[in-house]
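Novice: Return atomic coordinates for the entry below.
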Amino acid sequence: MSGFVGVVVSDPWLQSQFTQVELRTLKSRFLSIRSQSSRVTVGDLPAVFAKLKAFSELFSEDEVKAILGESLKDSDEEIDFESFLRAYLNLQARATAKSGGSKNPSSFLKATTTTFHHTINESEKASYVAHINSYLGEDPFLKKYLPLDPSTNALFDLVKDGVLLCKLINVAVPGTIDERAINTKSVLNPWERNENHTLCLNSAKAIGCTVVNIGTQDLIEARPHLLLGLISQIIKIQLLADLSLKKTPQLVELVEDSKDVEELIGLPPEKLLLKWMNFHLKKAGYEKQVTNFSSDVKDGAAYAYLLNALAPEHSGPACLDTKDPTERANMVLEQAEKLDCKRYLTPTDIVEGSPNLNLAFVAQIFQHRNGLSVDSKKMSFAEMMTDDPQTSREERCFRLWINSLGIATYVNNVFEDVRNGWVLLEVLDKVSPGSVNWKQATKPPIKMPFRKVENCNQVIEIGKELNFSLVNVAGNDIVQGNKKLLLAYLWQLMRFTMLQLLKNLRSHSQGREGKEIKDADILNWANKKVKRAGRTSQMESFKDKNLSTGIFFLELLSAVEPRVVNWSLVTKGETDEDKKLNATYIISVARKLGCSIFLLPEDIIEVNQKMILTLTASIMYWSLQQPADESESTMVEDDTPDASSAASVDGETETDLANEVSNLAVDNTSSENLSSQVEEKDS
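Specialist: Numbering: from 1, shown residues only. Below you'll find the model as predicted:
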């Protein structure tokens, strides 16, 4: 299984638009055409695409020809496989628009930008513009362009250089982007503009946005539907930032019993917001249950009761007595403004049930007055539920990585959301296509506990096939939420994916099957790259404490792309503050270059071996995709010094890791028994 070689496309964005199953199918069609006439031309495409199931019911061959002819004029022009894929995506966009929208529509609530639906909601656009004007109006660089007029296309014109979106991400999650890495000249060249957009997209993924179907070219061209989808996600993350027990421990008041706190931790922010709203509505005497931010709030009554409970000094019976929904909605907004909730929606938006804007409105009310008290008993229990800093950072890293893969399920909390096994099966199918037997899997919601165990047993079995260290580990360990074991499994899964990507890329570039890539190969490549650039620093291992200064990674980034590091901004890394500055800059520069990474500055400063490996591997992956001389592609083939012990994460060999995972599971009697039962069943 670990020897699988997928279809590799040189453009990472283009690669991300397809599953391996789709790529293999389309590659087969492409090669079939080429085998018949030794070349593939634009004129060959209509007949092929018209027969595909995705298009056959929507377009005739002539219609396909007309659509492709809009961008591909010469029917005799020869095209390569990547052009073939882009033509397919173009036709897919038209098919989606014709059929009335995507199966996964862009939604503020679902946190996704995987859509080709081109309808622009002017009310939402005006709301987002108002938000931008409010939060970025005093920004030193942007204030000369703000405020924007929502009735014009000024927003779309301004985002073309990438600065606005980068700044908006920093408003949503402060410190995500080191603003020293943003190109902020008055006039940017194409390279600098592309760097900003690459930095934006990789940083958006790093705060939890799903940007599977959007690339830098979409931002450069300022495609309105994709931009508004991305902006809505960024704003949503900002507005819902306090909807967690970590940020607002008072949320424990929403549950009756301390045992329900675990369930509270696993709730997505928008569901937590609904739970908070219903908590106050019930106390205020509102008899209905609000289950959404659309039809259930259209008449404004729920808002009237909510504001009356939270801010009785600003509300009164008049709002409840009025019979006209529009008039009531207007009164609700007037009351909310007295709480300093900025008016981003109109009475019409409430009456028409705009889900995005109503969610934003309720989130604003929560931010300004949540009406929760402090229950010392429940608060102490909530504090016990929080993880140590490193566990929290690793959970965050794996959660963002999983969501970046574009699987169907969005993960809000790794420790809770993977316990039924389904998410892990989705990830395994994405990174190792064909490994999952879906006939033996059960999709949520799952009522029968043994079905969850079956899912997780398959997760463990696939892990063993991929050579993960899982001695004495059973599916029930995942079902029970063993955090250490889950982190160990996810780390091995992420590491497998990285090494597989590197192996596939090298095999593709050399036209032959390459040897397995190991941690030591990555270490060796990085040191050689820095040395060949004339630098003197080196990395002894992925836990080398000297890495905390950040100098090595800045030299590595400069070695793979000399112009990307501004050395006048680099410190010597001697003090804690200087190390923090360097670490923050490293992450932004790597993302600006094109690396998709999810670590935090603390991971570099504290030299977290796992995160250091992911950073190095990501830079290596980017570098190997660039045009280079032959020595570049063979650097990792050279004789590697005996670095296996130095390169091993946490200083462990494979046997050590197996023993550690075994020890984690051996305390759990039920896990051990279940494991033996599974082994007996298999034998």
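
Novice: Show me the contact partners of the one helix or strand Y305 maps to.
Specialist: When secondary structure is defined using DSSP states H and E, the element that contains Y305 is helix 301-310. Helix 301-310 has contacts (Cβ atoms under 8 Å, 6 or more residues apart in numbering) with 277, 280-281, 283-286, 288, 290, 296-297, 314-316, 319-320, 328-329, 331-332, 335-336, 339, 350, 361, 365, 369-371. To be clear about C-beta, it is placed using only N, CA and C from the backbone, and glycine gets the same treatment.

Novice: So which of these are in helices?
Specialist: Taking DSSP state H, the ones among the contacts of helix 301-310 that sit in helices are 277, 280-281, 283-284, 319-320, 328-329, 331-332, 335-336, 350, 361, 365.

Novice: ChimeraX command to pick out the buried ones of those?
Specialist: Here is the ChimeraX command that selects the buried residues among those (16 or more other Cβ atoms under 10 Å):
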select :277,280,281,284,319,328,329,331,332,335,336,350,361,365
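
Novice: any low-confidence regions in the stretch 151-300 of the chain?
Specialist: In the predicted model, the stretch 151-300 of the chain carries pLDDT under 70 at residues 257-259.

Novice: Tell me where it has helices.
Specialist: Secondary structure of the stretch 151-300 of the chain, counting by DSSP state H, counting those that start in this stretch: helices at 154-158, 163-172, 190-206, 216-220, 224-239, 261-265, 269-284.

Novice: roughly how far is the last one from the heart of the chain?
Specialist: The reference is to helix 269-284. The gap between the average C-alpha position of helix 269-284 and the chain average comes to 27 Å, counting by Cα atoms, centre = their mean, to the nearest Å.

Novice: Equivalent analysis for stretch 342-353, please.
Specialist: Here stretch 342-353 is found 29 Å from its chain centre; the criterion is Cα atoms, centre = their mean.

Novice: What are the buried residues along that stretch?
Specialist: Within stretch 342-353, the residues that count as buried by 16+ other Cβ under 10 Å are K342, Y344, L345, T346, P347, D349, I350, V351, G353.

Novice: Likewise for stretch 526-536?
Specialist: Residues of stretch 526-536 classed as buried: A526, N527, K528, K529, V530, R535 (neighbour count, 16+ other Cβ under 10 Å).

Novice: Pull it out as PDB, backbone CA atoms only.
Specialist: Coordinates of the C-alpha atoms in stretch 526-536 are reproduced here as PDB (Å, rounded to 0.1, in the frame of the first residue of the first chain):
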ATOM      1  CA  ALA A 526      18.100  20.700   3.800                       C
ATOM      2  CA  ASN A 527      21.700  20.800   5.000                       C
ATOM      3  CA  LYS A 528      23.000  20.300   1.400                       C
ATOM      4  CA  LYS A 529      20.700  23.000   0.100                       C
ATOM      5  CA  VAL A 530      22.000  25.500   2.700                       C
ATOM      6  CA  LYS A 531      25.600  24.500   2.200                       C
ATOM      7  CA  ARG A 532      25.400  24.900  -1.600                       C
ATOM      8  CA  ALA A 533      24.000  28.400  -1.200                       C
ATOM      9  CA  GLY A 534      27.200  29.400   0.600                       C
ATOM     10  CA  ARG A 535      25.800  29.400   4.100                       C
ATOM     11  CA  THR A 536      27.400  27.900   7.100                       C
END
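
Novice: Outside of it itself, list whatever touches it.
Specialist: Under the criterion Cβ under 8 Å, 6+ apart, residues 537-539, 552, 555-556, 558-560, 562, 616, 619-620, 623, 635, 638 lie in contact with stretch 526-536.

Novice: From those residues, list the buried ones, please.
Specialist: Neighbour counting by 16+ other Cβ under 10 Å classes 537, 539, 552, 555-556, 558-560, 616, 619-620, 623, 635 among these as buried.

Novice: Roughly how far does S37 sit from R29?
Specialist: S37 sits 14 Å away from R29, going by Cβ to Cβ, to the nearest Å.

Novice: more crowded one of those two?
Specialist: Neighbours per residue (other Cβ atoms under 10 Å) separate S37 from R29, with R29 holding more: 18 against 9.

Novice: Could you give me the buried positions within the strand or helix carrying the more buried one?
Specialist: Following DSSP H and E, the helix or strand that holds R29 is helix 20-37. By neighbour count, and taking 16+ other Cβ under 10 Å as the criterion, the buried residues in helix 20-37 are Q20, L23, L26, K27, R29, F30, I33.

Novice: Please name the nearest non-neighbouring residue to the second one.
Specialist: Among residues not flanking L23 along the chain, V7 sits closest, at 3.9 Å (Cβ to Cβ, 6 or more residues apart in numbering).

Novice: now do S244
Specialist: By the measure of Cβ to Cβ, 6+ apart, the closest residue to S244 outside its immediate chain neighbours is P269, 7.1 Å from it.

Novice: what does S294 give?
Specialist: Counting by Cβ to Cβ, 6+ apart, the residue nearest S294 is G353, at 3.9 Å.

Novice: Rank the contacts of stretch 526-536 by pLDDT and give me only the lowest.
Specialist: Lowest pLDDT of the contacts of stretch 526-536: D638, 50.

Novice: what's the single longest helix in the protein?
Specialist: Selection of the longest helix in the chain by residue count, based on DSSP H, yields helix 483-510.

Novice: Next, the angle helix 483-510 makes with the helix or strand just after that helix.
Specialist: Counting by DSSP H and E, the next helix or strand C-terminal to helix 483-510 is helix 519-532. Between helix 519-532 and helix 483-510, the angle comes out at 60 degrees (axes from the mean of the first three to the mean of the last three Cα atoms, to 10 degrees).

Novice: Check the average confidence over helix 519-532, would you?
Specialist: Mean pLDDT, helix 519-532: 96.
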